[in-house]
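Q: coordinates only, sequence not included:
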């Protein structure tokens, strides 16, 4: 697929001023300005993150009501249930709240539904079949609940108080819960909208801890140290692909430090199982090593095994659980690859399908646990919204992924008459649908995408921070760029371009990876730069000259040594 290269053009005077003030490399200054960090004070705070820079979250809507009710439940020894989701964000949010309430002496349990047999979110059946019979008087949702109107109504009838903590798109009408804490609420101007579900729980605990402190609650109980819980926040925040800005960046940075402290046996065992030998330096290890294995529990088995891993203090048990998640992740990959192969063959047989404005496909044999992953891969390949629906249990259950030019949640809202339920974000969503409605929904959704998406939105754009020469690449620049971690949504890893590149050495590895040394004729530096390119097509395997490359500059650490390396993302 042909991609459009777009080099950003920040104001050169502003870049120069920031460079002079921060005494940084001009390329680093350019990257900061591209991230809307032209102000020196803001740029400096971005680079030097600190938990001291967290803004007070006390003005978030319904916060006071929530902490008062939790305090009452603690004092009166009521039974509390934490109801979570089965992805990494939901799992870490569940563990975070559960462990804090345990430390506060609460009578507390957790419940996470089974992805396949129950599906996403709090439902009326959960109230009738579990919450009520087990005599819980306070139910707190994490990373879900914002659309659970019927379930909340059932809880109210049963005189069970519900506190919703969520970060998903807010419906026009809120559930009639005692408190609804979602920073995306239209009537909440506290400024915490970017938080993940685990981040919402974290700010609730900041407020709850202070409320309890002001009432002398901790006089006979050790007050929990919330800094040590930032590892959970980092896991959930990075995995949920929310913007790594503001509180998300601060908490993730602190969380990575906590991850590396080795305080949680489950995480250490999982790092070992994932083959991470050195310290976690950024979001990559979370995104590609830890998160898939934690997610595998909810996709292939039950999320409670991941919760057990994160809560255990027994290293031997942690190792057993981590190995089990590793096996589930391997099984997940096998299922995913088989499903992707089947769809690719279908698209080759019916090429008109991938010319449509959206791909909506269904099958009675697909595993619900991998739909989202495969949908994301198809979006990457065909660059259009994708919805995959499994009908193997009678009712269709689907996962949807989108492109930047189309708001998925708004699109599903317009097609809502065809759906039983749905929820999610602009870029990702889940849905349930009757089998007989799939054909009508497919036609309607394709029309909605076509009518609400500009033609250019279907062409992927490579956004380049700056075109540079090899002379500008140095250890100093690599060190400064590393300070901008963790990278992720809202703070992408810097991407540069360079022209007229000669390949002086090339070796294929693993069938599709190409290790190279590159020179730029005309550059003053005569030293070839080490580089690597993944997923190289056979036609490019022996190319000796590249007109232009898009690359990321990194340190390659191996056996205690580090060397500069270019990670080639695109080459022409």
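A: Okay, I see it. Nothing here was measured: the structure is a model prediction, and the numbers come from that model.
Q: residues contacting the residue nearest to residue 32 when sequence neighbours are not counted?
A: Once flanking residues are discounted, residue 32 sits nearest to residue 43: 4.8 Å by CB to CB, 6 or more residues apart in numbering. Glycine gets a C-beta too; all of them are placed from N, C-alpha and C. Residues near residue 43 by CB atoms under 8 Å, 6 or more residues apart in numbering: 18, 22, 32, 37.
Q: I would like a PyMOL command selecting only the buried ones among those, please.
A: Those of those that count as buried under 16 or more other CB atoms under 10 Å are selected in PyMOL with:
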select buried, resi 18+22+32+37
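Q: Now for the contacts of residue 43: which two are most distant?
A: Greatest spatial distance among the contacts of residue 43 (CB to CB): 22 and 37, at 10.1 Å.
Q: quick revisit: quick one: the residue nearest to residue 32 from residue 34, how far?
A: Distance check for residue 43 against residue 34: by CB to CB, to the nearest Å, it reads 11 Å.
Q: picking up where we left off before, can I get the contacts of residue 43 in a markdown table with pLDDT?
A: Putting these into a markdown table (pLDDT from 0 to 100) gives the following:
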| residue | pLDDT |
| --- | --- |
| 18 | 97 |
| 22 | 96 |
| 32 | 98 |
| 37 | 96 |
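Q: out of the contacts of residue 43, who's nearest residue 548?
A: The closest of these, once distances to residue 548 are taken by CB to CB, is residue 32, at 24.1 Å.
Q: In a helix, that closest one, correct?
A: Yes - counting by DSSP: H, G, I helix; E, B strand; the rest coil, residue 32 is located in a helix.
Q: Flag every buried residue along the longest helix seen in the chain.
A: Across the chain, the helix with the greatest residue count (assigned by DSSP state H) is helix 315-349. For helix 315-349, burial by neighbour count (16+ other CB under 10 Å) applies to 318-319, 321-322, 324-326, 328-329, 331-332, 335-336, 339-340, 343, 347.
Q: In the helix or strand where the residue nearest to residue 32 lies, which residues are buried?
A: Taking DSSP states H and E as the definition, residue 43 sits inside helix 40-47. Within helix 40-47, the residues that count as buried by 16+ other CB under 10 Å are 43, 46.
Q: ok, back up a step: of the contacts of residue 43, closest to residue 68?
A: Proximity of the contacts of residue 43 to residue 68 (CB to CB) peaks at residue 37, which lies at 38.4 Å.
Q: which element is that closest one on?
A: Assignment of secondary structure by DSSP H and E places residue 37 within no helix or strand.
Q: is it true that it touches residue 46?
A: Yes - using CB atoms under 8 Å, residue 37 is in contact with residue 46, at 5.4 Å.
Q: number of nearby residues for residue 105?
A: 13 (other CB atoms under 10 Å).
Q: in a helix, that's where it is, yeah?
A: No - counting by three-state DSSP, residue 105 is not part of a helix but coil.
Q: That one reaches residue 76, doesn't it?
A: No - counting by CB under 8 Å, residue 105 stays clear of residue 76, with 11.9 Å between them.
Q: one step back: can you give me how far the longest helix of the chain is from the chain middle?
A: 19 Å (CA atoms, centre = their mean, to the nearest Å).
Q: on contacts alone, who are the packing partners of it?
A: helix 265-273, helix 291-300, helix 304-311, strand 359-363, helix 371-382 (3 or more CB pairs under 8 Å, 6 or more residues apart in numbering; DSSP states H and E).
Q: could the ones you listed go into JSON lines alongside mean neighbour count?
A: What follows is the helices and strands packed on helix 315-349, written out as JSON lines (neighbours: other CB atoms under 10 Å):
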{"stretch": "helix 265-273", "mean neighbour count": "22"}
{"stretch": "helix 291-300", "mean neighbour count": "25"}
{"stretch": "helix 304-311", "mean neighbour count": "22"}
{"stretch": "strand 359-363", "mean neighbour count": "20"}
{"stretch": "helix 371-382", "mean neighbour count": "20"}
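Q: okay if I get the ones you listed as a markdown table plus mean pLDDT?
A: Shown next, in a markdown table, are the helices and strands packed on helix 315-349 (pLDDT from 0 to 100):
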| stretch | mean pLDDT |
| --- | --- |
| helix 265-273 | 96 |
| helix 291-300 | 96 |
| helix 304-311 | 98 |
| strand 359-363 | 96 |
| helix 371-382 | 95 |
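Q: Figure out which of these is closest to residue 91.
A: Nearest to residue 91, of the helices and strands packed on helix 315-349 and by CB to CB, is helix 304-311 at 5.1 Å.
Q: sorry, back to before: next, format the contacts of residue 43 as TSV and append distance to residue 567.
A: Converted to TSV, these look like this (distance: CB to CB, whole Å):
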residue	distance to residue 567
18	26
22	25
32	21
37	23
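Q: Averaged pLDDT, stretch 544-557. What do you get?
A: Throughout stretch 544-557, pLDDT has a mean value of 94.
Q: now swap in stretch 132-151 and tell me
A: 97.
Q: again, but for stretch 234-252
A: 95.
Q: how long is that stretch end to end?
A: End-to-end distance for stretch 234-252, by CA to CA, to the nearest Å: 4 Å.
Q: for the worst-scoring helix or strand of the chain on mean pLDDT, the distance to its chain's centre please.
A: Using mean pLDDT, DSSP states H and E, strand 421-424 stands out as the lowest-scoring helix or strand of the chain, at a mean of 86. In this view, strand 421-424 has its centroid 18 Å away from the chain centroid, taken as CA atoms, centre = their mean.
Q: likewise stretch 42-62?
A: The chain centre lies 20 Å from the centre of stretch 42-62; the measure is CA atoms, centre = their mean.
Q: buried sites along that stretch?
A: Quick answer for stretch 42-62 (16+ other CB under 10 Å): 43, 46, 49, 54, 57, 60-62.
Q: How about stretch 110-120?
A: Those buried within stretch 110-120 under the rule 16+ other CB under 10 Å are 110-113, 115-116, 119-120.
Q: next one: stretch 182-192
A: Applying 16+ other CB under 10 Å to stretch 182-192 flags 182-185, 188, 190, 192 as buried.
Q: how far does that stretch stretch from start to finish?
A: Using CA to CA, the distance between the terminal residues of stretch 182-192 is 9 Å.
Q: quick check: mean pLDDT across it?
A: Mean predicted lDDT for stretch 182-192 stands at 97.
Q: Which residues outside it are in contact with it?
A: 55, 57, 59-61, 146, 164-170, 174, 193, 195, 199-200, 203, 246-247.
Q: and with 10 Å instead?
A: 55-63, 145-146, 164-170, 172, 174, 180-181, 193-195, 197, 199-200, 203, 246-248, 425 (CB atoms under 10 Å, 6 or more residues apart in numbering).
Q: now those: which count as buried?
A: 57, 60-63, 145-146, 164-170, 174, 180-181, 194-195, 197, 199-200, 203, 246-248, 425.
Q: Of the residues you listed, which belong to strands?
A: Among those, the residues falling in strands (DSSP state E) are 164-165, 180-181.
Q: need the strands for the stretch 51-200 of the chain, in chain order.
A: Using DSSP state E, counting those that start in this stretch, the strands of the stretch 51-200 of the chain run over residues 79-83, 107-111, 138-142, 161-165, 179-181.
Q: Distance to residue 362 added to those strands, as a markdown table?
A: Below are those laid out as a markdown table (distance: least, CB to CB, whole Å):
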| stretch | distance to residue 362 |
| --- | --- |
| strand 79-83 | 29 |
| strand 107-111 | 30 |
| strand 138-142 | 30 |
| strand 161-165 | 31 |
| strand 179-181 | 34 |
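Q: now for those strands, which one comes closest to residue 500?
A: Of all the strands of the stretch 51-200 of the chain, strand 138-142 comes closest under CB to CB, at 52.8 Å.
Q: Remind me what that closest one packs against, helices and strands.
A: On a contact count with 3 or more CB pairs under 10 Å, 6 or more residues apart in numbering; DSSP states H and E, strand 138-142 meets helix 63-75, strand 79-83, helix 88-103, strand 107-111, helix 149-157, strand 161-165, strand 179-181, helix 197-214.
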